[in-house]
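[1] Let me see the structure of the following:
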Amino acid sequence: MRFSTTAVLALPLFAAAAESPFEQYKAKFQNFLSSFGASTASTAEKVAEPVVAPLKTKTKSGPKKIENLTLQNWNETLYAPVKPDQTTPEEWWVLVTGGNKTCFGRCVQLETAFNETAVKFANIPKSPHLARLNCEDETILCNSWSASAGAIWVFDILPAPAPVDVYWKPLNLSSVTTQTILDLQAKPVKDNFRLIDSYWHPYNGPLAKYNLAVPLGYFLWALNIVPSWAMMLIVSFFSRSMMNRQMGPNGQRPGGVGPARAAAPGDARS
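    This is a model prediction of the structure:
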């Protein structure tokens with residue numbers, strides 16, 4: 001069999017043409033395997049990668065809660081954290097404040113300092129409980145305690161019926177700061193506050209024991225809302241009524257003695 005030179009030269013071209021489809025599919029298959037292996041390896045690396053727990057950071061606690069005392073809830077609020085068998089009293093610091101009528105708007109600085117102290121007390125162990133009494137909103141309660149705006153009252157509460165020690169301290173409304181209140185808390189209460197031992201004591205006083213404090217608070221509240229001119233009329237009417245009772249009917253004096261007689265005619269006194 002004879003092969004021409006052209007045929008011999010064309011054999012490599014036919015071989016290349018015959019191998020090119022196979023090589024093309026082979027390359028695609030290798031690329032597929034390589035991509036599959038890469039994805040598998042990356043997945044394995046992700047699974048094998050250790051999970052690092054997030055660091056726990058200490059967050060500052062918020063301000064200590066300040067309770068608002070009213071005529072209806074003040075006793076229950078002060079006794080709320082007290083346990084029946086505890087022997088150490090629960091300490092409450094009550095800010096007695098007011099508005100434009102009770103402290104002429106000068107309590108703003110005091111309330112600001114007290115609110116900032118609540119933030120500081122949240123980070124102080126065994127700091128006292130905090131409450132607020134607004135004498136402009138709770139006039140009757142303030143009257144029943146004989147409490148005035150611009151002071152801090154401290155209550156040491158033990159399980160009932162144990163006596164309750166109450167202290168108070170007036171504060172300078174123009175110079176009080178957060179540090180002022182913190183300095184008071186850093187020392188024993190007895191060194192900075194005055195013990196209340198009077199008829200107006202909210203728990204131990206005679207008015208509280210005989211349930212007369214709140215009625216007296218209402219009475220003082222009524223006196224405050226009566227205008228001055230109306231009070232003068234009431235006093236005048238009451239004094240006239242008392243004078244008429246003493247004089248008796250027809251202007252007679254007590255004991256039946258009538259009015260003084262005029263001197264007789266021809267008397268030297270006439």
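[2] for Lys64, what are its contacts?
    By Cβ atoms under 8 Å, 6 or more residues apart in numbering, Lys64 lies in contact with 118-119, 121-122, 127, 129-130. Every C-beta, even on glycine, is put in place using the N, C-alpha and C of the backbone.
[3] In JSON lines, list those residues along with distance to Trp221.
    Listed next are those as JSON lines, based on distance: Cβ to Cβ, whole Å:
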{"residue": "Ala118", "distance to Trp221": "30"}
{"residue": "Val119", "distance to Trp221": "35"}
{"residue": "Phe121", "distance to Trp221": "33"}
{"residue": "Ala122", "distance to Trp221": "36"}
{"residue": "Ser127", "distance to Trp221": "34"}
{"residue": "His129", "distance to Trp221": "28"}
{"residue": "Leu130", "distance to Trp221": "26"}
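[4] quick one: which two of the residues you listed are the most distant?
    Across those, no pair lies farther apart than Val119 and His129, at 15.0 Å, counting by Cβ to Cβ.
[5] ok, Val94 touching Trp153?
    Yes. With contact defined as Cβ atoms under 8 Å, Val94 counts as touching Trp153 (4.4 Å).
[6] thought Pro84 was touching Ala160?
    No. The criterion here is Cβ under 8 Å, and Pro84 misses it with Ala160 at 9.2 Å.
[7] Looking at those two, which one has more neighbours?
    A count of neighbours by other Cβ atoms under 10 Å puts Ala160 above the other of Pro84 and Ala160, at 12 against 6.
[8] Am I right that the more buried one is in a helix?
    No. Secondary structure of Ala160 (DSSP: H, G, I helix; E, B strand; the rest coil): coil, not part of a helix.
[9] picking up where we left off before, any quick PyMOL command for the buried ones out of the contacts of Lys64?
    The PyMOL selection below is limited to those of those classed as buried (16 or more other Cβ atoms under 10 Å):
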select buried, resi 118+121+127+129+130
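[10] quick one: which of the contacts of Lys64 is nearest to Thr178?
    Thr178 has its nearest neighbour among those in Val119, at 8.6 Å by Cβ to Cβ.
[11] name the element the closest one belongs to?
    Using DSSP states H and E, Val119 maps to helix 108-121.
[12] Now tell me what touches the next helix or strand after that helix from outside.
    Using DSSP H and E, the helix or strand that follows helix 108-121 in sequence is strand 129-134. Here strand 129-134 makes contact (Cβ under 8 Å, 6+ apart) with 64-69, 74, 77-78, 81, 90-99, 111, 114, 117-118, 121, 141-142, 147, 153.
[13] change it to 7 Å
    64, 66-69, 77, 81, 90-98, 118, 121, 141-142, 147 (Cβ atoms under 7 Å, 6 or more residues apart in numbering).
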